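K.L.:
have a look at this fold, sequence not included:
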């Protein structure tokens, strides 16, 4: 059993993590780098207004800044991509071990896990760790305003745990009581509400923030579905 757990989790976690890493580097990293330009002051949300006020001076500053930032970005791109890839693989690997542990518990209760059902398990993980938490705390870019870190971490963790148990109660419950408890658990964190700052602000354009949120959720959904597929495939294969 231990060998089956380890081999399934390692294969699914590493393979799925590499896919997530590629998606992150080519889809999310460019948006993050763009946001850092606004955070550092190299770009302005209302740049058009500034250009209208003093076009010659603004164009000169923007051109010099762009040249300097381009060199810095070129030099740090490889190291940044490597860190992103490593972080994605390790995170996905951790999720894989959690998913495989869920498979083991399900199997002990007579539930058969296949590659197809593994995708559903993966989407459940996406719902718990990304979709449900993003309702209150969507993914944030550098330069965005936010509440205290400890408050956000507490709410995020509580929401993820409540959603996991809520979805499990809905999916595997035997009667209306189980299903009702599951619905309450899923809804409870959002009834309580996520922590937010007293006032909203930030230097990042809302269009860029919206793009980042949609891309982040898309990458997470693909990553979790792939992880569930690979984990379910390996788990079922080694059961034969």
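P.N.:
Received, thanks. Only a predicted model underlies this, so the values are computations on that prediction, with no experimental measurement involved. Numbering: from 1, shown residues only.
K.L.:
quick check: residue 99 touching residue 228?
P.N.:
Yes. Between residue 99 and residue 228 there is a contact at 6.7 Å, judged by C-beta atoms under 8 Å. C-beta: built from backbone N, CA, C; applies to glycine.
K.L.:
what's the local residue count around the residue lying closest to residue 124 once chain neighbours are set aside?
P.N.:
Spatial nearest neighbour of residue 124, chain neighbours left out: residue 167 (5.2 Å); criterion: C-beta to C-beta, 6 or more residues apart in numbering. Number of residues near residue 167 (other C-beta atoms under 10 Å) recorded here: 20.
K.L.:
overlap in contacts, residue 99 and residue 228.
P.N.:
Applying C-beta atoms under 8 Å, 6 or more residues apart in numbering, one finds that residue 99 and residue 228 are jointly contacted by 118, 121-122, 125.
K.L.:
restricted to helices, list the residues you listed.
P.N.:
Secondary structure from DSSP state H places 118, 121-122, 125 of the shared contacts of residue 99 and residue 228 in helices.
K.L.:
what sits against residue 25?
P.N.:
Counting by C-beta under 8 Å, 6+ apart, the residues that residue 25 touches are 81, 84-85.
K.L.:
for residue 24, same thing?
P.N.:
By C-beta under 8 Å, 6+ apart, residue 24 lies in contact with 84-85, 88, 219.
K.L.:
now swap in residue 104 and tell me
P.N.:
The contact partners of residue 104, by C-beta under 8 Å, 6+ apart, come to 1, 5.
K.L.:
residue 204 versus residue 148, what's the distance?
P.N.:
Applying C-beta to C-beta, to the nearest Å, the value for residue 148 to residue 204 is 20 Å.
K.L.:
looking at those two, which has the bigger crowd around it?
P.N.:
Neighbours around residue 148 and residue 204, counted as other C-beta under 10 Å, are more numerous at residue 204. The numbers are 24 against 10.
K.L.:
surely that one and residue 210 touch.
P.N.:
No. Using C-beta under 8 Å, residue 204 makes no contact with residue 210, being 10.3 Å away.
K.L.:
before we move on, back to that, closest one to residue 159 out of the contacts of residue 25, please.
P.N.:
Of all the contacts of residue 25, residue 84 has the smallest distance to residue 159: 25.0 Å, by C-beta to C-beta.
K.L.:
quick one: the contacts of residue 24 as JSON lines, columns for neighbour count and pLDDT too.
P.N.:
Below are the contacts of residue 24 laid out as JSON lines (neighbours: other C-beta atoms under 10 Å; pLDDT from 0 to 100):
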{"residue": "84", "neighbour count": "18", "pLDDT": "90"}
{"residue": "85", "neighbour count": "17", "pLDDT": "91"}
{"residue": "88", "neighbour count": "23", "pLDDT": "95"}
{"residue": "219", "neighbour count": "21", "pLDDT": "97"}
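K.L.:
and the furthest pair within those residues?
P.N.:
Taking C-beta to C-beta as the measure, these span a maximum distance of 13.3 Å, between 85 and 219.
K.L.:
so where's the protein uncertain?
P.N.:
40-75, 200, 240 (pLDDT under 70).
K.L.:
now with 50?
P.N.:
Applying pLDDT under 50 to the chain flags residues 49-75.
K.L.:
which strands or helices does the strand or helix carrying residue 223 pack on?
P.N.:
Residue 223 belongs to helix 206-239 when elements are defined using DSSP states H and E. With contacts taken as 3 or more C-beta pairs under 8 Å, 6 or more residues apart in numbering; DSSP states H and E, helix 206-239 sits against helix 2-23, helix 29-40, helix 55-108, helix 115-126, helix 132-136.
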